[in-house]
Structure formats: C-alpha cells, structure tokens
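1. Can you look at this prediction? I've put the sequence above it.
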Amino acid sequence: MPRVHVVRETTIKRTARVMQMEGMFDVDPGTTSRVEWEVDLPIEDEPWNIGLIVGPSGCGKTTIARELFESEMVDGFDWPADQSIMDAFPAGMSLKDITALLSSVGFSSPPNWLRPFGVLSNGEQFRVTIARALAEQPELAVIDEFTSVVDRTVAKVGSAAVAKAVRRRNQKFVAVACHFDIIDWLDPDWVFDPAAGQFHWRRERRRPPITLTVRRVHRSAWRLFKPYHYLSGNLHKAAKCFVAFVEGQPAAFVSVLYSPYRPRGYWREHRTVCRPDFQGVGIGNAFSEYIASLFKSTGSHYGSTTSSPAMIKHRDRSPLWKRIRKHGFVSRQGKTGTVSRMEATASTDRMTSGFRYVGPANAIDARGFRIRESLRK
C-alpha cells in the first residue's frame with residue numbers, strides 16, 4: 001500500500017521585516033520552516049476506479065499527491081495553437097474514439113471540437129484536459145485543482161460526467177480538489193483528507209438528483225444555445241420553445257414543430273441542445289423525453305429525427321422510444337419509408353435515424369431528475 005513520509009523544509013532569511021513580524025505576532029524566531037506528513041493509503045486493499053484527495057488550501061494535497069503519484073500527475077498538455085483539439089489526441093486513436101471520449105466527459109459539441117484549446121472556455125478546457133488525460137494515461141490519471149476554475153453548479157455536473165466516463169472505461173482516476181461539494185457527484189471509491197489525516201472507503205452511491213425547472217420561452221432564447229448546435233443555427237419561426245434551468249442557469253433547449261404531412265396532431269422535435277457545461281449526465285435526453293410526454297398528453301403523436309450518435313444510442317436502448325426508420329440518408333423526394341416530407345426536407349443529405357416517442361403521457365419526472373414546471377411565457 002502507498003505509504004510516504006513527506007517533509008518540506010525551507011530556510012528563513014531573518015530580514016528586518018521578518019524579525020518585526022515575529023515580534024508583532026509573538027512568533028518564535030527560527031532559521032527554518034518545516035512541515036511534514038505521514039501518509040498511509042490502503043488503496044491496494046480493494047478494487048477501485050475513482051479516488052479523491054480533498055482539503056482546504058495549504059493542507060498539503062498537491063505535495064502528497066506528487067509523492068504518491070509522481071509519474072501520473074497531469075500538469076497540463078501542449079496544445080497546438082492553430083489546430084483543433086482533436087489533432088492533439090494520440091495519433092493511434094480513431095476519430096470515432098476521440099469524439100466518443102469527448103462526449104463521455106460531457107463535451108459533446110461538434111462545432112467546438114473544431115476549435116483550438118486556447119479559445120475554449122474554462123469549463124470546456126477542464127473537460128477536454130480530462131479527456132486527453134484518460135486517453136494518454138489509461139492506467140491512472142491524477143488531476144490537480146479539479147473543478148477549481150469552474151462555477152460550482154458546473155463543477156457538480158462535470159464531476160458526475162467524469163465519474164460516469166471513468167467507470168464506463170474501467171480506468172483509474174484521482175482528483176485533487178479543495179471543494180467538498182463535489183464528493184456526492186464524483187462519487188469516489190475512496191477519500192483522503194490531509195487536513196484531518198483521515199482516509200475512508202466509500203461504497204458506490206447514486207448521484208444526487210438534478211432538478212430541472214422547465215419554462216416555455218420566447219424564440220429569442222435560442223441565441224444562448226445556437227452556437228452549440230451541430231446543424232444549422234436556424235430556428236423555424238413557428239417553433240414552440242422550451243428551456244430547462246439547473247439552479248437558475250439555462251442548461252438545455254428544446255423546440256417543437258407541428259407537421260401537416262402526418263395524421264392530424266403530429267408534432268416533431270425541431271432543435272435539441274444542451275450547453276457544454278451541462279453535458280454528460282443525461283440532461284438533454286431527460287428534457288427531450290419530458291417535452292415529448294407533454295405533447296403526447298394532448299393525444300398527438302410525437303417524433304424525432306436525429307443524426308447525433310449519442311442520442312441515437314440512448315434511444316435505441318430506451319423503452320420510451322421506438323425506431324421508425326433505420327440509420328441512413330433521406331431523399332429529397334417526399335416520403336422515404338415512414339418519414340414525413342417535413343422530416344425529409346430537414347434531414348436531406350445527412351445520415352439520420354427516425355424515432356417515435358412511445359413513453360407515458362405527461363410524465364411528472366424523468367429517471368434521475370426532478371421536473372418543475374413553469375410553462376407560461
């Protein structure tokens with residue numbers, strides 16, 4: 001088991017200011033400053049995927065982590081200044097593997113994959129760095145200052161997305177952080193607090209529920225989500241628009257259109273976008289299914305055509321959706337199979353799959369989420 005005795009000693013130059021401070025605050029004069037830690041982590045006693053070293057600033061988290069995991073510490077990467085982030089991943093990785101890994105840590109925005117690392121937001125850089133660490137250090141990756149540069153709501157959602165990705169890949173990951181609010185969201189197998197000198201194993205638990213406050217909004221709200229949509233940024237003028245808020249922050253957008261080319265009362269999903277900071281924990285899918293359930297409660301059919309690999313994978317597994325068209329191209333010529341002309345027009349020249357919502361009507365919640373309605377404009 002990892003066991004280290006860490007000593008850090010620094011020579012003090014007793015300048016005039018130092019001696020004055022000693023007198024003012026009754027500090028014993030000395031020529032050296034010394035701190036030490038005795039650390040014993042029994043992490044080889046049980047199998048694990050995620051560890052957390054957490055404590056206040058100055059308690060020795062980073063020093064201890066470097067002693068324990070010197071070669072596995074991620075100190076950042078060299079990112080090309082004039083190339084997309086995808087070009088910085090290992091040469092042996094396929095594009096499919098790279099995009100799947102980026103999506104798994106909650107960075108599922110194809111337009112932003114094309115950008116250099118330096119122009120991404122702090123939250124995006126945080127997730128991209130973790131994705132690259134998982135790609136380049138499959139045995140063990142250790143990240144210092146975990147979630148320190150992001151908003152605390154984003155930190156919780158991001159922690160849950162990272163934990164989900166690490167466990168799915170069956171890798172090992174250690175986060176070094178000063179915030180205790182991420183513990184239930186990261187759900188580590190073990191936690192070590194240097195300040196208290198305490199280590200304990202945790203048994204895997206479900207993450208806390210995420211509450212989505214759903215509101216009907218004006219179509220102008222689309223401007224917050226438009227940059228992250230993988231298709232055209234256009235929004236149909238007849239679209240009915242909804243936004244899901246997480247702790248007051250706009251997280252996801254869904255718009256719906258009426259289709260005159262199907263039996264009376266057919267609605268289809270027009271745009272679905274989850275902002276990058278809230279990706280990776282299923283908010284987009286849960287919100288999409290909730291809106292579908294509302295329209296089904298009117299006695300209408302509800303369908304969706306998508307080319308998003310993650311959404312297609314989710315819907316193929318979900319009992320709430322029925323695939324009505326195989327993945328493929330849609331012709332410009334009217335109907336193709338069971339797809340309406342409206343869907344065909346929207347989906348021309350790209351690979352898509354068609355689905356119909358077959359879940360319950362007017363669902364009051366979604367799995368793992370709590371829904372609060374506020375549907376007036």
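-> Received the coordinates, thanks. All values reported here derive from a predicted model rather than from experimental measurement. Numbers count the residues shown, from 1 in each chain.
2. C-alpha only now, for contacts and for neighbours.
-> Will do.
3. show me where the stretch 251-377 of the chain has strands.
-> Secondary structure of the stretch 251-377 of the chain (DSSP state E, counting those that start in this stretch): strands at 266-274, 301-306, 321-328, 352-357, 365-366, 369-374.
4. Make JSON lines from those strands and add mean pLDDT to it.
-> Converted to JSON lines, the strands of the stretch 251-377 of the chain look like this (pLDDT from 0 to 100):
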{"stretch": "strand 266-274", "mean pLDDT": "92"}
{"stretch": "strand 301-306", "mean pLDDT": "92"}
{"stretch": "strand 321-328", "mean pLDDT": "83"}
{"stretch": "strand 352-357", "mean pLDDT": "92"}
{"stretch": "strand 365-366", "mean pLDDT": "62"}
{"stretch": "strand 369-374", "mean pLDDT": "70"}
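5. would you turn those strands into TSV with distance to Ser121?
-> Listed next are those as TSV, based on distance: least, C-alpha to C-alpha, whole Å:
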stretch	distance to Ser121
strand 266-274	16
strand 301-306	27
strand 321-328	34
strand 352-357	30
strand 365-366	30
strand 369-374	27
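6. In CSV: those, plus mean neighbour count and distance to Ala251.
-> Formatted as CSV, the strands of the stretch 251-377 of the chain follow (neighbours: other C-alpha atoms under 10 Å; distance: least, C-alpha to C-alpha, whole Å):
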stretch, mean neighbour count, distance to Ala251
strand 266-274, 23, 6
strand 301-306, 23, 20
strand 321-328, 16, 23
strand 352-357, 21, 22
strand 365-366, 16, 16
strand 369-374, 15, 13
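7. Would you mind confirming that Met311 makes contact with Gly282?
-> No. If you go by C-alpha atoms under 8 Å, Met311 and Gly282 don't touch, sitting 9.7 Å apart.
8. about what we covered before: out of the strands of the stretch 251-377 of the chain, flag the one nearest Asn122.
-> strand 266-274 (17.2 Å; C-alpha to C-alpha).
9. what helices or strands is the closest one leaning on?
-> Helices and strands touching strand 266-274, by 3 or more C-alpha pairs under 8 Å, 6 or more residues apart in numbering; DSSP states H and E, are strand 249-259, helix 283-296, strand 301-306.
10. quick one, domains of the protein?
-> Domain assignment of the chain by automatic domain parsing yields the ranges 41-201, 210-374.
11. pLDDT on the first one, on average?
-> When the per-residue pLDDT values of domain 41-201 are averaged, the result is 93.
12. Check the offset of that domain from the chain's centre.
-> The gap between where domain 41-201 is centred and where its chain is centred comes out at 11 Å by C-alpha atoms, centre = their mean, to the nearest Å.
13. likewise stretch 290-310?
-> 24 Å.
14. returning to what we had before: closest one to Pro110 among the strands of the stretch 251-377 of the chain?
-> strand 266-274 (11.7 Å).
15. Can you pull the phi/psi pair for the residue nearest the centre of the chain?
-> Geometric centre of the chain, nearest residue: Gly106, 2.9 Å, by C-alpha atoms, centre = their mean. Gly106 adopts backbone torsions of phi 90, psi 20, taken as degrees, to the nearest 10.
16. and it, how far is that from Asp184?
-> 18 Å (C-alpha to C-alpha, to the nearest Å).
17. Likewise for Gln249?
-> For Gln249, the distance to Asp184 - C-alpha to C-alpha - is 21 Å.
18. circling back to that earlier point, columns distance to Arg17 on top of the domains of the chain, output as TSV?
-> Shown next, in TSV, are the domains of the chain (distance: least, C-alpha to C-alpha, whole Å):
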stretch	distance to Arg17
domain 41-201	23
domain 210-374	46
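19. closest to Val4 out of these?
-> Across the domains of the chain, closest to Val4 is domain 41-201 (C-alpha to C-alpha), at 7.2 Å.
20. start to end distance for that closest one?
-> Per C-alpha to C-alpha, the first residue of domain 41-201 is 10 Å away from its last.
21. Which strands or helices does the longest helix that the chain contains pack on?
-> Criterion DSSP state H: the longest helix present in the chain is helix 152-169. Where contact means 3+ C-alpha pairs under 8 Å, 6+ apart, helix 152-169 is packed against helix 95-104, helix 122-136, helix 183-186.
22. quick one: the helix or strand following that helix to helix 152-169, angle?
-> Helices and strands here follow DSSP states H and E; after helix 152-169, the next one along the chain is strand 173-177. Put simply, strand 173-177 runs at 160 degrees to helix 152-169, going by axes from the mean of the first three to the mean of the last three C-alpha atoms, to 10 degrees.
23. Thr213 is in contact with Val246, correct?
-> Yes. Counting by C-alpha under 8 Å, Val246 touches Thr213, with 6.6 Å between them.
24. how about the domains of the chain, which one is nearest Gln20?
-> Smallest distance to Gln20 across the domains of the chain (C-alpha to C-alpha): 24.1 Å, for domain 41-201.
25. Pull the number of nearby residues for Ala361.
-> 19 (other C-alpha atoms under 10 Å).
26. Read off the pLDDT value for it.
-> 88.
27. What of the one 3 residues further on?
-> Looking at Ile364, its pLDDT stands at 62.
28. same deal with Arg14?
-> 83.
29. Compute the number of surrounding residues for it.
-> 14.
30. and the longest helix of the chain with strand 249-259, angle?
-> Going by the same axes, to 10 degrees, helix 152-169 makes 70 degrees with strand 249-259.
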